[in-house]
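[1] kindly return the folded structure for what I paste below:
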Amino acid sequence: ITNQSRALLNIEKNVYKQIYLDLARLYLYYENYEDAKKSAIILLNSINQKTDQNILVTTHLYLAYIDGKDKNFASATAHMEEVKKIGGSMELFNCGLAYAYFLGEDYKMALELARTIKNFEDRSRQLLCIRVIGESLYAIGDKNNAKKYFEEYIELSESIGNRNSFLIRNREKFKKYLEEI
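    A predicted model of the protein is given here:
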């Protein structure tokens, strides 16, 4: 096999990985957790554990969310431990796990985890924790306190230039919540 052939094979593998990562993300966006899990598992089984660390972190993060939704918190925690082992921060660990608990409707634990981080280095992780706190409070009926977090989410996300579909959706949802409160 020639160097050019190897290069083409590597490009094809990277495209394949990106397709499954995008599929998992898209399925999560539409809350199709079953197909998101299928895509994430295919991806997990096909990536190089040493060279694809960013994809590996994202895949474990997605699987933690899916397992959280299924109330399989032990597995969600195991996936988040993998994220931490690969190099994820405590911010990502706590906020990601908090979101998994939120999806599994364990709002008490979601709130506890999301509130443990006081100083954030990463805006997206901060927004995730703020989202978890706001939506958990809203879900348990504490709409007045939830309002503060929805407002904070909207304010902090205003300065983000490259807004993804999740951020846009959350902003719109929180604006609607604020109109109701």
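[2] residue 49: what's it in contact with?
    With contact set as Cβ atoms under 8 Å, 6 or more residues apart in numbering, residue 49 has these partners: residue 56. (Glycine included, C-beta is placed from N, CA and C.)
[3] that one: which element?
    Per DSSP states H and E, residue 49 falls between elements, in no helix or strand.
[4] least trustworthy helix or strand in the protein by mean pLDDT?
    Every helix and strand of the chain was ranked by mean pLDDT, DSSP states H and E. The lowest is helix 3-29, at a mean of 76.
[5] where does pLDDT dip in the protein?
    1-13 (pLDDT under 70).
[6] helices along that one, start to end?
    Secondary structure of the chain (DSSP state H): helices at 3-29, 33-46, 53-69, 73-86, 90-103, 107-114, 123-139, 143-158, 165-180.
[7] now these in CSV, with mean neighbour count?
    Formatted as CSV, the helices of the chain follow (neighbours: other Cβ atoms under 10 Å):
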stretch, mean neighbour count
helix 3-29, 14
helix 33-46, 18
helix 53-69, 22
helix 73-86, 18
helix 90-103, 24
helix 107-114, 19
helix 123-139, 22
helix 143-158, 17
helix 165-180, 14
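[8] distance check, residue 109 against residue 132.
    Distance check for residue 109 against residue 132: by Cβ to Cβ, to the nearest Å, it reads 10 Å.
[9] show me the common contact partners of those two, please.
    Shared contacts of residue 109 and residue 132, defined by Cβ under 8 Å, 6+ apart, comprise residue 98.
[10] was I right to think residue 76 contacts residue 60?
    No: look at residue 76 against residue 60 with Cβ atoms under 8 Å: they stay out of range, at 9.9 Å.
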